[in-house]
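In: I would like the atomic coordinates for the input below:
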Amino acid sequence: MEEVKRLRVVELLSQKPGSDVLAKGWVRTKRGNKNVSFIALNDGSTIKNIQIVCDAQNFSEELMKDVTTGACIAAWGKLVESQGQGQSVEIQASKIEVYGKADATYPLQKKGHTLEFLREIAHLRPRTNTMGAVLRIRHAMAFAIHSYFNSKGFFYLHTPLITASDCEGAGAMFQVTTMDLNNIPKGENGKVDYSQDFFGRQTSLTVSGQLEGELGAMSLGQIYTFGPTFRAENSNTPRHLAEFWMVEPEVAFNDITDNMNLAEDFIKSLVKYALDNCRDDLQFLNDMFDKELISRLEGVINTEFVRLPYTEGVKILMESGQKFEYPVSWGVDLQSEHERYLVEQHFKRPVILTDYPKDIKAFYMKQNEDGKTVRAMDVLFPKIGEIIGGSEREESLEKLERRVAELNMDTRNLWWYLDTRRFGTAPHSGFGLGFERLLLFVTGMANIRDVIPFPRTPKSAEF
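Out: The predicted model follows:
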């Protein structure tokens, strides 16, 4: 019997009864009486458990005492039709081996736990139904992103995580150094002497791979990045992380309309992939957390997104009669409450806002003829607000240099970027999708800390 090959729970549940099987996993619950025990076993391959039925006469009391919630076991037996509700097959066990015990201090006992509590035990929370579902969906979305771009002829470009340039002009960057922080070398002017640091200059963790992505588009035609990015913003909100993942396509010869078309098609295809391939997990999250989740996902793939200039969006908001926490006027950067009003109450579908005031957008965005606005686009989603931000890029060296001067930016770290406008410049566009923002939408979770395995937030770098 020892030669029986282990099958994952997801595979066992689709087998016909009758064969000898082996299952391995973690005990979710054990119940029963003195004659028979029922063990719910899960191995992470699916949200569903497989039930293992143990007749007391075949197992010592000593052994069964160690089969507790959280313990890791192997179970050999016959796959039989299930008599109980909730599953079509179960395992009639002939042998149980306990790999790892879990005593009564195991924090995931059989009861509901708050998401806040689970964040404190992020090393164990993947064993819960909720986090297991989220992490399987996270994997599926990452796979779908690569599949989408590969099918469209994009090349996956790895951009650096350590950089000397600040893409967004945000300034909120984590510094990278090997200097002794208790004895930092200083120059004659009293400032830090970075020439003695590892890279011989001041470096940081990247906030975006976009600038390097543009270089890729100017040679390979169409590329995408997909990797971790870092923002040292002291934002303790349910929508911000200090370390998160970004997807950034960049396409030569695309204008703002092509960019909007790509963004809409891309996000619809991801949502469709989730509906087609993650149905059990989505159904669980729908039932437990957000009764409208599946209908909202289906709504996105079956609707055309509204395309609206920022100026018109502001007009709608100002005439709405709605009391906003942050007042609206032309020139302000819209807050999540404004974005959600447009999406959820006014249009009742996703909105792509375009042509933002240049003063609230990054230096590299293409300037419109009016001298006041740029060809930016933000895709706004229900419950989230902005999920994608992008633009047509400024391809004119002269205009780009003028904008950089207006903003008093230090061009010493950007010479290579400006070179792309000097040697064979071309119209091009791109956008960034915050991967965790996408996951908030697809899972219906309310807090971004619950869609990444180990969240990094201010004062929190546990695990």
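
In: For the most far-flung residue of the chain relative to its centre, give its distance to residue 34.
Out: Residue farthest from the centre of the chain, counting by CA atoms, centre = their mean, is residue 57 at 49.0 Å. Look at residue 57 and residue 34: by CB to CB, to the nearest Å, they are 10 Å apart. Every residue, glycine included, has its C-beta placed from N, CA and C.

In: Also residue 295?
Out: For residue 295, the distance to residue 34 equals 47 Å [CB to CB].

In: of those two, who's got more company?
Out: More crowded of residue 295 and residue 34, by other CB atoms under 10 Å: residue 295, with 10 against 7.

In: Tell me the confidence at that one?
Out: On pLDDT, residue 295 comes in at 96.

In: What of the one 4 residues further on?
Out: Taken from the predicted model, the pLDDT recorded for residue 299 is 93.

In: what about it, neighbour count?
Out: Neighbours around residue 299, by other CB under 10 Å: 15.

In: got the contact list for the nearest residue to it once chain neighbours are set aside?
Out: Closest residue to residue 299 apart from its sequence neighbours, by CB to CB, 6 or more residues apart in numbering: residue 349 at 7.2 Å. Going by CB atoms under 8 Å, 6 or more residues apart in numbering, residue 349 touches 299, 303-306, 343.

In: hey, where'd the helices end up in the stretch 151-300 of the chain?
Out: Using DSSP state H, counting those that start in this stretch, the helices found in the stretch 151-300 of the chain span residues 210-220, 256-277, 279-288, 293-301.

In: Could you pull up phi and psi at residue 26?
Out: Note on residue 26: its backbone torsions stand at phi -110, psi 140 [degrees, to the nearest 10].

In: burial count for it?
Out: A count of nearby residues for residue 26, using other CB under 10 Å, gives 20.

In: Excluding chain neighbours, what is closest to residue 159?
Out: Nearest residue to residue 159 in three dimensions, chain neighbours excluded: residue 209, at 3.2 Å (CB to CB, 6+ apart).

In: what sits against the one you found?
Out: So residue 209 contacts 157, 159-160, 225, 227, 229, 246, 248 (CB under 8 Å, 6+ apart).

In: can you rerun that using 7 Å?
Out: Contacts here follow CB atoms under 7 Å, 6 or more residues apart in numbering; on that basis residue 209 touches 159, 225, 227, 246, 248.

In: any idea how far residue 160 is from it?
Out: Per CB to CB, residue 209 is found 8 Å from residue 160.

In: Likewise for residue 14?
Out: Using CB to CB, residue 14 is found at 44 Å from residue 160.

In: Between the two, which is the more surrounded one?
Out: Legend: neighbour count by other CB under 10 Å for residue 14 and residue 160, higher for residue 160 (13 against 10).

In: I'd like the distance from the more buried one to residue 427, if you could.
Out: Residue 160 sits 25 Å away from residue 427, going by CB to CB.

In: what's the answer for residue 284, then?
Out: Going from residue 284 to residue 427 by CB to CB gives 45 Å.

In: next one: residue 266
Out: Taken as CB to CB, the span from residue 266 to residue 427 is 20 Å.

In: which one of the two has more residues nearby?
Out: Legend: neighbour count by other CB under 10 Å for residue 266 and residue 427, higher for residue 266 (22 against 16).

In: Quick check: the gap between the more buried one and residue 136.
Out: The gap separating residue 266 from residue 136 is 21 Å, by CB to CB.

In: How about residue 390?
Out: Using CB to CB, one obtains 29 Å as the distance from residue 390 to residue 136.

In: quick one: secondary structure of residue 392?
Out: Classification of residue 392 into helix, strand or coil gives strand, according to DSSP: H, G, I helix; E, B strand; the rest coil.

In: Please name the nearest non-neighbouring residue to residue 313.
Out: Nearest residue to residue 313, sequence neighbours excluded (CB to CB, 6+ apart): residue 353, at 5.3 Å.

In: For beta bridges, what are the partners of the one you found?
Out: Assessed by DSSP bridges, residue 353 has beta-bridge partners residue 308, residue 378.

In: Any stretches of the stretch 1-150 of the chain with poor pLDDT?
Out: Low-confidence segments of the stretch 1-150 of the chain, defined by pLDDT under 70: 1-2.

In: Quick one: the helices in it, in order.
Out: Under the criterion DSSP H, counting those that start in this stretch, the stretch 1-150 of the chain contains helices at 9-12, 61-65, 115-120, 129-151.
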